[in-house]
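# Sequence first, predicted coordinates after that:
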Amino acid sequence: MTETHATTILAVRKNGLVALAGDGQVTLGQTMIMKQAARKVRRLHQGKILAGFAGATADAFTLFEIFEDKLKEVRGDMRRAAVEMTREWRRDKYLRKLEAMLLLADEEHTLVLSGTGDVIEPDDGVAAIGSGGPYALAAARALARHSTLDAESIACEAMRIAAEICVYTNDRLTLETLPPAGDNADN
């Protein structure tokens, strides 16, 4: 997979709830923080799919547009849209140059997409991308296995831990959940 700097995106699935969290830091090169509260996590397809990106912002927005078009073509089937988009991403000469990764989640699946053709669904419902991804992933897995915290709390705490370790990650989080906050989850 492509190594991506300057962000951390984390998905946690536990007891019927999915949480997708992203930090807010935008870094220019390796030495300057340009923004503290960027929004790298969003809802797609009438709020039914959570999506986060790591990498170049313009490239990620291009990928979001393509993914949303694919979602419309396949009537909202996230897995099928992801495979179709990744196939196009890998084959197209222009798209191959895009430097971003996506982390997607719906009520059933969590997927990591890359320009090298990867569409990966984690075994344990926890996935992360970006430079702080390995730190957030390790923290989230430990919390999921050894605590009674819910998905939202695990995501927030794991992201805080990643922010303490990764210089490209901060603790200004954007958090989205499925079902959305206020809905009755089967916890």
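Arrived safely, thanks for sending. Numbering: from 1, shown residues only.

# which helices and strands does the helix or strand of the chain with the lowest mean pLDDT pack with?
None of the helices or strands of the chain scores lower by mean pLDDT, DSSP states H and E than strand 26-28, at a mean of 85. For strand 26-28, the packing partners by 3 or more Cβ pairs under 8 Å, 6 or more residues apart in numbering; DSSP states H and E come out as strand 32-35. All C-beta spots, glycine's among them, are computed from the backbone N, C-alpha and C.

# got the CA coordinates for the strand it packs on in PDB?
This file holds the C-alpha atoms of strand 32-35, laid out as PDB (Å, rounded to 0.1, in the frame of the first residue of the first chain):
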ATOM      1  CA  MET A  32       4.500  23.400   8.600                       C
ATOM      2  CA  ILE A  33       1.000  22.900   9.900                       C
ATOM      3  CA  MET A  34      -1.400  24.800   7.600                       C
ATOM      4  CA  LYS A  35      -4.700  24.100   9.300                       C
END
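
# And the next helix or strand after that strand, what's buried?
Per DSSP states H and E, the first helix or strand lying C-terminal to strand 32-35 is strand 41-44. For strand 41-44, the neighbour count (16 or more other Cβ atoms under 10 Å) marks 41, 42, 44 as buried.

# Return the list of strands paired to the following helix or strand past strand 41-44, each annotated with direction.
Remark: after strand 41-44, the chain's next helix or strand is strand 49-55, criterion DSSP H and E. Sheet pairing for strand 49-55, assigned by DSSP bridges, gives strand 41-44 (antiparallel), strand 100-105 (antiparallel).

# angle of the longest helix along the chain against strand 49-55?
As assigned by DSSP state H, the longest helix anywhere in the chain is helix 57-73. Orientation check (axes from the mean of the first three to the mean of the last three Cα atoms, to 10 degrees): helix 57-73 against strand 49-55 gives 150 degrees.

# quick one: low-confidence parts of this structure?
Within the chain, the ranges that satisfy pLDDT under 70 run 1-5, 180-187.

# all helices for it, in order.
57-73, 78-91, 133-146, 151-165.
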